[in-house]
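A.B. asks: Here is the input, now give the coordinates:
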Amino acid sequence: MATFPFVLEPEHVRSITAVRPRPWIYWSDLLASAAVGWGAFLISLQAPLPSLLHVGATAVAICALLRAAIFVHELAHLKRGRLPGFALAWHMLIGLPFLLPSFMYVGSHSDHHRQATFGTINDPEYVPLARWSSRRIAGLIGGTLAVPALLVLRWGVLGPLSFLIPPLRRLVLERGSSLAINLRYRRPLPRRSVAVTWGLQEVAVTGVCWTALWGVTSGRVTTWWAVQWYIVAAGIVVVNQLRTLAAHRYENDGSPLDTTAQLLDSITLTGWPFTVLAAPLGLRYHALHHAFPTIPYHSLGALHRRLLAELPPDAPYRRTLHPGICSVVGHLLGRSPRPSTAAPLSGKRASEGA
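C.D. replies: Residues are numbered from 1 along each chain as shown. So this is what the prediction gives:
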């Protein structure tokens, strides 16, 4: 981590990396976000359609539940045992209701941070968008509207069938068990110690999926409830996709990048209010997060301000600053695609492991 091009004294680096998560912040933030989000969701169910109350409650539900959902990013970086019970609470409040078990992100996200795989075919969260046409990028955004339906298909149909059909099981694990924008990414099969966790989460989310489907088909759950769930779930995915498009420049074409190039490919967002709502939990400091991925989200803002106060005017970190999500995505959609200059890497992974 300290190899990133920050002009800091060694003791400063040690003090930065020694920051630990504050449990009371994590717990209060998660519980408050989930309470506001699900409260707004209940209001949206009762509000007449169309009405300003329904639109407003839906927007609040999307923003608050997105914030709660993004805690899966913290789970991906937290050391085992650091916050006992937090992962279980996250699953009960967010993961199971939205059919998003944490193993779909925890583990694969490490491939986005490894220097050997960042920006390559083995990075699930990176594709060379700067070389795509605006129509193709718009299709990537619009395609996320189908994600809730695909999750129902994954957990309600393909997952159970895969236990009976071994080739399908391998396909589901490699291609249908990661939150990825890189559709060429193949996730390594889990090791035995990890497979147990995967299996427990899969059984739980499949049970929720089947229970919800039974409730709707039997009339015990109203169709409007299912429609509103889909609206909110799709809204969360779309907003998060926009945030993802503003996380990097996406100019790499498959070659491994050194630490400076990785930093300059990452983006620090300074705008508000949409940026603050759409990139919660410190994700707007994405370049800083890539430099120090173990720093808890609640410390990134102070560290960002400290760096801006101490770094020289020509520091690479200052070149990562951009005014906001809309500006970055608008620029990405509006510019001409760059020609490809490098052949993509082969499908062989630089490193294995879940």
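A.B. asks: Tell me which helix or strand in the chain has the weakest average pLDDT.
C.D. replies: None of the helices or strands of the chain scores lower by mean pLDDT, DSSP states H and E than helix 10-17, at a mean of 54.
A.B. asks: secondary structure element for A76?
C.D. replies: Secondary structure assigned from DSSP states H and E places A76 in helix 71-77.
A.B. asks: Beyond that helix, next helix or strand please.
C.D. replies: helix 86-90.
A.B. asks: and that next one, which residues are buried?
C.D. replies: Under the neighbour-count criterion of 16 or more other C-beta atoms under 10 Å, helix 86-90 has F86, A87, A89, W90 buried. The C-beta positions use only the backbone N, C-alpha and C, and glycine is treated the same way.
A.B. asks: And for stretch 217-234?
C.D. replies: Going by 16+ other C-beta under 10 Å, stretch 217-234 has these buried residues: V221, Q228, W229, I231, V232, A233, A234.
A.B. asks: Run the chain-centre distance for it.
C.D. replies: Mean-position distance between stretch 217-234 and its chain equals 24 Å (C-alpha atoms, centre = their mean, to the nearest Å).
A.B. asks: ok, now stretch 32-39?
C.D. replies: In terms of C-alpha atoms, centre = their mean, the centre of stretch 32-39 is set 19 Å apart from its chain centre.
A.B. asks: From T120, how far out is G254?
C.D. replies: 6 Å (C-beta to C-beta, to the nearest Å).
A.B. asks: Looking at those two, which one has more neighbours?
C.D. replies: Legend: neighbour count by other C-beta atoms under 10 Å for G254 and T120, higher for T120 (23 against 19).
A.B. asks: secondary structure class for the more buried one?
C.D. replies: Secondary structure, DSSP: H, G, I helix; E, B strand; the rest coil: T120 is coil.
A.B. asks: Relative to S177, how far out is it?
C.D. replies: 20 Å.
A.B. asks: now swap in H73 and tell me
C.D. replies: 17 Å.
A.B. asks: Just want to know which of those two has more residues nearby.
C.D. replies: S177 (22 against 18).
A.B. asks: which residues sit in contact with I267?
C.D. replies: A246, A247, H248, R249, H286, A287, T320, H322, V328 (C-beta atoms under 8 Å, 6 or more residues apart in numbering).
A.B. asks: Model confidence for it, exactly?
C.D. replies: Predicted confidence (pLDDT) for I267: 94.
A.B. asks: and what of the one 5 residues further on?
C.D. replies: According to the model's per-residue confidence, W272 sits at a pLDDT of 84.
A.B. asks: isn't it right up against G324?
C.D. replies: Yes - using C-beta atoms under 8 Å, W272 is in contact with G324, at 7.3 Å.
A.B. asks: Please identify which of those two sits among more neighbours.
C.D. replies: Shown here are W272 and G324; by other C-beta under 10 Å, G324 has more neighbours (20 against 12).
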